[in-house]
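> this is a predicted model, with the sequence first.
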Amino acid sequence: MKKLALFGMILILLLAGCGTIAPKPQDSGKISVVATVFAPYDFTRAIAGDLVDLTMLLPPAAESHSFEPTPRDITKIQQCDVFLYVGGDSDAWVGSILESFDTSKMKIITLMDCVEAVPEELLPGMEEEEEAEEEGEAELDEHVWTSPRNAKLIVQKIADALCAADAANANAYRQNTQTYLAQLDALDAKFQAVADTAVRKTVVFGDRFPFRYFADAYGLECFAAFPGCSTETEPSANTVKFLIDKIKSEKLPVVFHIELSNEAMADTIAEATGAKVLLLHACHNITLADFNAGRTYLDIMNDNVTALKEALN
C-alpha cells in the first residue's frame, strides 16, 4: 500500500508540473519498447536487435522486488509503443500507472498472462515458519520465464506485439523469432538431457526459490530456505536444520544460491555439510558488468545447465 501511495504522489507531481503527459522526444524512426526487468528486455533484444529503441527500467544489479519507478521511468512508459511487465506482486505498481493515461495505442504484454501461472508454494521444511502466510489466497508465482518452455510462449507474444506495432519490420521480427525459438528449444533439450541422465532429482537452495516453473518442467524436487522471492531475511532454525539434514541424508554435492544474493545462508549450509556453493541464475537481473558485456538469457541459462548437471550427479 505504501508503494501504491508513493506512485500516486509521483503521478500527481508529474501532472501538476506538466499539465499534460510530456510529448515524445524527436522521432528516431523506431518504435519504443520498455521492459521492466531483464528477461523480457533480453527476449526483445533477440527478436528486434537495433530495430527498436529498447529500455530496461530496472537498473543492472538492482533488486527487482523493491524497485520503485522514478518520474523519468513513468514518462518512458507513457511514451512507449510496447510495454512489457511481469504482472506479479513485485510490479503491482504498474496497474495504477497504466490507469493514469491513455494506453489505447500501446501494446502491453503481461508475462504472467502468456503462460499458465501457478501458485507460489511452500516447500517441505517451510511450513512451521510460514504458517501465518497461509491465510488468504496464495500468490501466483511470477517467475514464469525461468522455464525455457514458458520463455518460448512469452517470446511469441512479444514478437506478435512488435509486428503489430511496427508492420514495416514484421518480416525481420518473425525471422529473428524463429531463430530464437530454435535456440530455446536447444536449451530446453539440454536441461531435459541433464534431468533424464541424472543420478538424483533433488536440489537444495540456501536462498529464495524463484524456480517453480523450471523445477516443474524438468521433474526436480526442490527445497529452499524461502518460498518464491520472499522478503524474509532469516529462515527459522528448523528450516536450516531441515536443509542441512536433507543434504547430508541424500549426500547432495551442491547447495545453490541465486543471483545478486549475499550467499550467507548457502555458505552456512555448505559449511555444515561440505556441499559446494553454486549459482543457479533466475534472470531477474544481472550485474552492471554483465549488462555492459551483453550477457544474454541464453548465456546465463547455458551456465545453469552446467551447474545443474553438477548438482544432480
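Yep, that arrived.
> tell me who's in contact with the spatially closest residue to residue 162 that is not a sequence neighbour.
Sequence neighbours aside, residue 173 is the residue nearest to residue 162 in space, at 4.8 Å (criterion: C-beta to C-beta, 6 or more residues apart in numbering). Every residue, glycine included, has its C-beta placed from N, CA and C. By C-beta atoms under 8 Å, 6 or more residues apart in numbering, the residues touching residue 173 are 47, 48, 51, 159, 162, 163, 166.
> next, give phi and psi for residue 173.
Torsion angles at residue 173 (phi, psi; degrees, to the nearest 10) stand at phi -60, psi -40.
> keep only those of the contacts of residue 173 that are in strands.
Assignment to strands by DSSP state E places none of the contacts of residue 173 there.
> among those, which one is most surrounded by other residues?
residue 162 (28 neighbours; other C-beta atoms under 10 Å).
> wait, doesn't that residue sit right on residue 49?
No: Residue 162 is beyond contact range of residue 49, at 11.0 Å (criterion: C-beta atoms under 8 Å).
> for the stretch 201-313 of the chain, give me the ranges with low pLDDT.
Within the stretch 201-313 of the chain, the segments meeting pLDDT under 70 span 230-233.
> show me where it has its strands.
202-205, 221-224, 254-257, 276-279 (DSSP state E, counting those that start in this stretch).
> repeat for the stretch 1-150 of the chain
All strands of the stretch 1-150 of the chain, identified by DSSP E, counting those that start in this stretch, fall at 31-35, 52-56, 82-85, 107-110.
> and those strands as TSV, adding distance to residue 195, mean neighbour count and mean pLDDT?
Listed next are those as TSV, based on distance: least, C-beta to C-beta, whole Å; neighbours: other C-beta atoms under 10 Å; pLDDT from 0 to 100:
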stretch	distance to residue 195	mean neighbour count	mean pLDDT
strand 31-35	30	24	98
strand 52-56	31	20	98
strand 82-85	29	25	98
strand 107-110	29	18	98
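> need those in a markdown table with distance to residue 97, can you?
Formatted as a markdown table, the strands of the stretch 1-150 of the chain follow (distance: least, C-beta to C-beta, whole Å):
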| stretch | distance to residue 97 |
| --- | --- |
| strand 31-35 | 11 |
| strand 52-56 | 15 |
| strand 82-85 | 10 |
| strand 107-110 | 11 |
